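A.B. asks: Requesting a structural model of the entry that follows:
(one chain, ligands or ions: 1)
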Amino acid sequence: MSLSPRRHATELETISVTVPPDAVEAYESALATVCATIGIFELDDSQTLWRVEGVKDTGCGEDELRAALILAALTSGVDAELERSHTEAEGWLARTYESFPEQLAGRRFAIRGTHLEDAPNPQRITITLDAGVAFGSGEHGSTRGCLRALEMVAYRKPRRILDLGCGSGILAMAAAALLHRPVLATDIDPWSVRVTKRNAAMNGLANLVDCHLGNGWATPAIRRHAPYDLVFANILARPLCSMAADLALNLLPGGTAILAGLLNTQVCMVLAAHRRHGLVLERHLREGDWGTLILRKPHG
Ligand SMILES: C[S@@+](CC[C@H](N)C(=O)[O-])C[C@H]1O[C@@H](n2cnc3c(N)ncnc32)[C@H](O)[C@@H]1O
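C.D. replies: This next block holds a predicted model:
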């Protein structure tokens, strides 16, 4: 198993973790808890390759990642061996994406890598992804929860839509394709902004998805376009809590927020932070350990 924090655009530093085969499950479960607690996001996993991203606004870096790996070994009691190496991103990407089958998400969406050659299902809205090293392949429970939530709130026909922390642009593209409305997508990570722009163009959505670089609600484009009646934020529990006041301020009365990147065990904490600013819970969706919240700002 390997875990890779992003160093810069083309190079990934990989920490390979070897655990006894019968301890993989226990180690993975301990690691998921540790990562979510200290603000490291698990991106995807397979038997052979894991990718973990340090979330910049939590100050997470290589040291925290290493600490998480060690902490997971300690809490699970698993004998884990850590080894560092460097991987060139494009080669790493090719190896990872070749193994991605089509992902069906919710009732309406199909997420497909550019490498797939068979015809897409005409019954579904197909989003083709070249995710690069940005998060959002459609595999992760937090993304899947957001796509389900989008389908549930689509009948409200939101017109002013924001995807804060767009990663690969998957949610922004899904919203634009489903609702035929412009979507502002932002990310703190320049690589994600590049990938989102490329993905939007590839899916014929460049005219609807406008992507900008910036940190949270301080992003100038977000301020210019506010207020919103639909906001996606699939980030992490702690950043979500610290952004609750800005979210409430920038959401129109009757507007909807779809929040993800939290474990089901963190729902109470995230909910409490948002209730303090007047937002109310509509739904809590579960995708495995991951929770997605649909919140609403009451009218009046
Ligand atoms: C979990 S990924 C979500 C990607 C995609 N929206 C999805 O649902 O699959 C979180 C994204 O949020 C971005 N992010 C984290 N903190 C942020 C912040 N303070 N402002 C903007 N983007 C942020 C990360 O760079 C990452 O691309």
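
A.B. asks: Every contact and neighbour count from this point should use C-alpha atoms.
C.D. replies: Fine.

A.B. asks: Validate this expectation: Val17 resides in a helix.
C.D. replies: No - per DSSP: H, G, I helix; E, B strand; the rest coil, Val17 lies outside any helix segment and is strand.

A.B. asks: Could I get the pLDDT score of it?
C.D. replies: We note a pLDDT of 72 for Val17 in this prediction.

A.B. asks: Not counting its neighbours along the chain, what's nearest it?
C.D. replies: Leu82 (4.7 Å; CA to CA, 6 or more residues apart in numbering).

A.B. asks: Tell me the spacing between that neighbour and the ligand.
C.D. replies: 25 Å (CA to the nearest ligand atom, to the nearest Å).

A.B. asks: so that residue touches Ala68, yeah?
C.D. replies: No - taking contacts as CA atoms under 8 Å, Leu82 lies outside contact range of Ala68: 11.5 Å.

A.B. asks: List the contacts of Ile188.
C.D. replies: The contact partners of Ile188, by CA atoms under 8 Å, 6 or more residues apart in numbering, come to Lys56, Gly165, Leu213, Gly214, Asn215, Gly216.

A.B. asks: Give me the domain ranges for this structure.
C.D. replies: 2-95, 101-296 (automatic domain parsing).

A.B. asks: Highest mean neighbour count out of the ones you listed?
C.D. replies: Of all these, domain 101-296 carries the top mean neighbour count, a mean of 20, counting by mean count of other CA atoms under 10 Å.

A.B. asks: Is it positioned near the ligand?
C.D. replies: Yes - between domain 101-296 and the ligand, judged by CA under 6 Å from any ligand atom, the touching residues are 134-136, 143, 164-167, 170-171, 186-189, 192, 214-216, 234-235, 261.

A.B. asks: quick one, what contacts the most centrally placed residue in the chain?
C.D. replies: Residue closest to the mean C-alpha point of the chain, counted by CA atoms, centre = their mean, is Asn234 at 4.8 Å. Listed by CA under 8 Å, 6+ apart, the contact set of Asn234 reads Ser142, Thr143, Cys146, Leu164, Gly165, Cys166, Ile258, Leu259, Ala260, Gly261.

A.B. asks: Just give me the closest of those to Gly288.
C.D. replies: Ranked by distance to Gly288 (CA to CA), the contacts of Asn234 are led by Ser142 at 9.3 Å.

A.B. asks: Which helix or strand contains the closest one?
C.D. replies: Assigned by DSSP states H and E, Ser142 belongs to helix 141-153.

A.B. asks: tell me what that helix is packed against?
C.D. replies: strand 103-105, helix 170-179, strand 228-234, strand 251-263, strand 280-287, strand 290-296 (3 or more CA pairs under 8 Å, 6 or more residues apart in numbering; DSSP states H and E).
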